[in-house]
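Enquirer: Show me how the following folds:
(one chain, ligands or ions: 1)
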Amino acid sequence: MNGAEIIDGKAYAAGLRARVAAAVPAFRVAAGRAPGLAVVLVGEDPASQVYVRSKHKATVEAGMESFEHRLPATASEMELLDLVERLNADDRVDGILVQLPLPSHIDEKRVIATIDPDKDVDGFHVVNAGRLAVGEAGYVPCTPLGCLMLLKDRLGDLSGLAAVVIGRSNIVGKPMAALLLAENCTVTVAHSRTRDLADVVRRADIVVAAVGRPEMVKGDWIRHGATVIDVGINRVPGAEPGKTRLVGDVAFAEAAAVAGAITPVPGGVGPMTIAVLLRNTLVAAHRRAG
Ligand code: GUN
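Expert: Numbering: from 1, shown residues only. All right, here's what the predicted structure looks like:
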């Protein structure tokens, strides 16, 4: 039996992008310019090139200004820091995103720390992590904020629900836990050292899986009717030799048989990230135009 509602992140993301695009003209009239997003790519990492191209296209489609900066893999840390400082000072730029990972000779933390926290639409700066932790307005990383939007769209008020977040990364797990706590969930953060993970997950009304391990969360770990958000994007060998396919961190078919609702991979959380980035950029533009 396959009882779960499939949460259509692609459709939700398309709606969010359309809402952002619809709000851009009013900003243009009021501010006399478009909201601007600067994306910095260092080196030639193929996956990063694809992401940066998609971000550029989505930014332009939303009616925003896209400033793309590409530096060679050999660029020095100082060159990158200089570029970030110039973007901090550029009034046309509301949001700055430095695509990760960076080449190993560049200190990622130092680069992120140099971004103006009020232009940090990725929400990676420690100031924004701190604002989230204490409940002040700032910028929240796009992927967990997208997950929260899907959860609220499906469940409405999350108050009192038991949420288990599997994974404790700074980009997904920790901000996800902070967001769910702010929604009055009872939050458990599980990770690679958690004992009896299956039993922990079985208590959850909400499961967010963000560990990067293909199909690790099994169907019999899921409580009947639970809402399952799968952040994993893992490439595994496909049915035919030489072919690959994408799977999440959750064994989808098994989990869908017991869950109340579940995000697919692909087409679940993935499309939300860019849509939320555009939303964060519009918010930054309004705050900066004050
Ligand atoms: N690399 C993969 N995903 C992301 C993201 O959301 N932001 C940045 N800056 N780099 C990434």
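Enquirer: Not including adjacent chain positions, what is the nearest residue to the closest residue to the ligand within the stretch 51-200 of the chain?
Expert: Nearest residue of the stretch 51-200 of the chain to the ligand: L100, at 3.7 Å (Cβ to the nearest ligand atom). (C-beta placed from N, C-alpha, C; glycine too.) Here the nearest residue to L100 in space, its sequence neighbours aside, is E108; by Cβ to Cβ, 6 or more residues apart in numbering that works out to 6.4 Å.
Enquirer: That neighbour: neighbouring residues, count only.
Expert: As a burial measure, E108 scores 15 neighbours (other Cβ atoms under 10 Å).
Enquirer: show me the contacts for it.
Expert: The contact partners of E108, by Cβ atoms under 8 Å, 6 or more residues apart in numbering, come to 100-102.
Enquirer: buried subset of those?
Expert: Among those, those classed as buried by neighbour count (16 or more other Cβ atoms under 10 Å) are L102.
Enquirer: I'd like to know which of the contacts of E108 is nearest to R131.
Expert: L100 (20.5 Å; Cβ to Cβ).
Enquirer: Double-check that the closest one belongs to a helix.
Expert: No: counting by DSSP: H, G, I helix; E, B strand; the rest coil, L100 is not found in a helix; it is coil.
Enquirer: Could you measure from it over to V258?
Expert: Counting by Cβ to Cβ, to the nearest Å, the gap from L100 to V258 is 35 Å.
Enquirer: Near L278, how many other residues are there?
Expert: 28.
Enquirer: Kindly report the same for P35.
Expert: Around P35 there are 28 residues (other Cβ under 10 Å).
Enquirer: Just confirm it contacts T281, I think it does.
Expert: Yes: counting by Cβ atoms under 8 Å, P35 does reach T281; the two are 5.6 Å apart.
Enquirer: Check the contact lists of these two and give me the overlap.
Expert: Shared contacts of P35 and T281, counting by Cβ under 8 Å, 6+ apart, come down to 64, 94-95.
Enquirer: So how do I select the buried members of these in PyMOL?
Expert: Buried residues within these, by 16+ other Cβ under 10 Å, are selected in PyMOL with:
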select buried, resi 64+94+95
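Enquirer: which one of the shared contacts of P35 and T281 is nearest M176?
Expert: Nearest to M176 among those, with distances taken as Cβ to Cβ, is G95, at 21.2 Å.
Enquirer: Report the separation between A34 and I233.
Expert: Taking Cβ to Cβ, one finds A34 at 31 Å from I233.
Enquirer: more crowded one of the two?
Expert: A34 (20 against 16).
Enquirer: OK, contacts around the residue nearest to that one when sequence neighbours are not counted?
Expert: Distances taken as Cβ to Cβ, 6+ apart put E65 closest to A34, at 4.5 Å, once the chain neighbours are dropped. Neighbour list for E65: 33-37, 59, 92 [criterion: Cβ under 8 Å, 6+ apart].
Enquirer: Which of the shared contacts of P35 and T281 fall within strands?
Expert: G95 (DSSP state E).
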